[in-house]
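Trainee: Quick one: sequence and predicted model below, then my questions.
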Amino acid sequence: ERGSLTGAAQIALAALMLVAAILAIERSARAGAQYHHTTGRFQSLPFQDLYGWKAAAAVAACIVPVLVGFVIPFLVLAHNAVAYANDALAKGFLAAVARSMLLATIAAAFAVGIGLVLAYARRIVRVRVVAWAAFVAGLGYALPGTVLALGLKLPLSAFDISVDALFRSWLGVSSGLLLSGSIAIVLLAYVIRFLAVSLGAIDAGLERLSPNLDAAARTLGESATSALWRVHLPLIRPALWTAGLLVFVDAMKELPATLLLRPFNFDTLATHVFSLASEEKLEAAGLGALAIVLVGLLPVLLLHRAIARGRAGS
């Protein structure tokens, strides 16, 4: 039934249980396998020169998806952005850009920090509680944004209502919406949603380091914390940048959770574009859509550089 929070919560719970079951099966199939580099050298990838029609076919196979999937849509968005820039600016484009950048940056910082703590704890502490904490952290990315938003909105709204009732009965004033009506709940949704992205990138960086490094650091008198600061962090810096950039790009594009959780009159780039598109002002939405593409493109280029520099033997 439309408008039924109970029905929506039931569907969200079923989706959460399904996602948890799939992740548990995947984790069991891997059986805890881990890999790390034992040498700083690596073999170059083999190359083969193509000539004639094979070369032309290979070039076409590489160019056509880029043209159809990026270049042509990019040119259309660029044309609309220039032609209808005033309409977009009048709808609060600049404010949406500033809000998106701020939210994405804060979410990336928190996700990287929490992901680093979980990944390092799982590396040095072999207990079930830590393993389960990391597993639960991975559920957020597999959930649809709408399901996550409902999971946060319902309990936090109930909390706000209870606090407001106490304020009214004791002080005779209303406390308003402390959590469910603020950007804090949006940031919380972003961190939960994309923590798995950060955790995965940092895990990959740590798994490439031989366990012998940990043993050598402890033999030289380093504690777990000092070993992380002096040994591991310098070596996984590319992985940390990778994690932050991935969370930043994903947070810039997040729409369903933002639509449900944002405060009134608070637009991000994604909701700005959605609002214009829902009003059938597709041309005016071009500037916002182009901004999302460009903002996401620069971190991807930096991400490529970080991955290249972080490759073993580089």
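Mentor: Here it is on my side, so go on.

Trainee: gap between the residue located most distally from the centre of the chain and residue 60?
Mentor: No residue in the chain sits farther from the centre than residue 52, which is 43.3 Å out by CA atoms, centre = their mean. According to CB to CB, to the nearest Å, residue 52 stands 13 Å off from residue 60. Just so you know, the C-beta spots here come from the backbone N, C-alpha and C atoms, and that holds for glycine as well.

Trainee: With residue 260 instead?
Mentor: Residue 260 is 43 Å from residue 60, by CB to CB.

Trainee: Pick out whichever of those two has more residues nearby.
Mentor: residue 260 (17 against 11; other CB atoms under 10 Å).

Trainee: wait, doesn't the more buried one sit right on residue 148?
Mentor: No - applying CB atoms under 8 Å as the test, residue 260 and residue 148 come out as separate, 9.1 Å apart.

Trainee: Now do the helices in the stretch 101-250 of the chain.
Mentor: Ranges of helices within the stretch 101-250 of the chain are 128-137, 139-142, 145-170, 183-207, 211-219, 224-227, 233-235, 237-253, based on DSSP state H, counting those that start in this stretch.

Trainee: Can you say which of those helices is nearest to residue 102?
Mentor: helix 183-207 (8.8 Å; CB to CB).

Trainee: Now residue 179: phi and psi?
Mentor: phi -110, psi -50 (degrees, to the nearest 10).

Trainee: List the residues that contact it.
Mentor: By CB atoms under 8 Å, 6 or more residues apart in numbering, the contact set of residue 179 is 156, 159, 160, 185.

Trainee: Looking at the spatially closest residue to residue 121 that is not a sequence neighbour now. What's its pLDDT?
Mentor: Distances taken as CB to CB, 6 or more residues apart in numbering place residue 130 nearest to residue 121, at 4.9 Å, with adjacent residues excluded. Predicted confidence (pLDDT) for residue 130: 77.

Trainee: do residue 248 as well
Mentor: Confidence score, pLDDT, at residue 248: 91.

Trainee: And for residue 136?
Mentor: Residue 136 carries a pLDDT score of 77 in this model.

Trainee: Pull out the buried positions in the strand or helix carrying residue 290.
Mentor: Here residue 290, judged by DSSP states H and E, is contained in helix 286-309. Neighbour-count burial for helix 286-309 flags 286, 287, 288, 289, 290, 291, 292, 295, 299, 303, 306 (criterion: 16 or more other CB atoms under 10 Å).

Trainee: Backbone dihedrals for residue 280, please?
Mentor: phi 60, psi 30.

Trainee: Okay, it and residue 79: tell me how far apart.
Mentor: Taking CB to CB, one finds residue 280 at 18 Å from residue 79.

Trainee: Let me see the contact set for the closest residue to residue 77 other than its chain neighbours.
Mentor: Nearest residue to residue 77, sequence neighbours excluded (CB to CB, 6+ apart): residue 290, at 4.3 Å. For residue 290, the contact set (CB under 8 Å, 6+ apart) comprises 74, 77, 78, 80, 81.

Trainee: Could you identify the buried members of these?
Mentor: Here, 16+ other CB under 10 Å leaves 77, 80, 81 buried among the contacts of residue 290.

Trainee: who are the neighbours in contact with the second one?
Mentor: In other words, residue 80. Contacts of residue 80 (CB under 8 Å, 6+ apart): 282, 283, 284, 285, 286, 287, 290.

Trainee: same thing but at 7 Å, please
Mentor: 283, 286 (CB atoms under 7 Å, 6 or more residues apart in numbering).

Trainee: what angle do the host helix or strand of it and helix 286-309 make?
Mentor: For residue 80, the host element (DSSP H and E) is helix 72-83. Inter-element angle recorded for helix 72-83 and helix 286-309: 130 degrees (by axes from the mean of the first three to the mean of the last three CA atoms, to 10 degrees).

Trainee: any idea of the mean pLDDT for the next helix or strand after helix 72-83?
Mentor: As assigned by DSSP H and E, the chain's next helix or strand after helix 72-83 is helix 85-90. Across helix 85-90, the average pLDDT comes to 83.

Trainee: which residues touch helix 85-90?
Mentor: Against helix 85-90 from outside (CB under 7 Å, 6+ apart): 281, 284, 287, 288.

Trainee: sorry, back to before: between the buried residues of helix 286-309, which is nearest residue 67?
Mentor: Nearest to residue 67 among the buried residues of helix 286-309, with distances taken as CB to CB, is residue 290, at 17.5 Å.

Trainee: one step back: just curious, which of the contacts of helix 85-90 is nearest to residue 124?
Mentor: residue 288 (44.4 Å).

Trainee: what residues are up against the closest residue to the closest one other than its chain neighbours?
Mentor: Excluding the flanking residues, the one nearest residue 288 by CB to CB, 6+ apart is residue 273, at 4.1 Å. Applying CB under 7 Å, 6+ apart to residue 273 gives the contacts 285, 288, 289.
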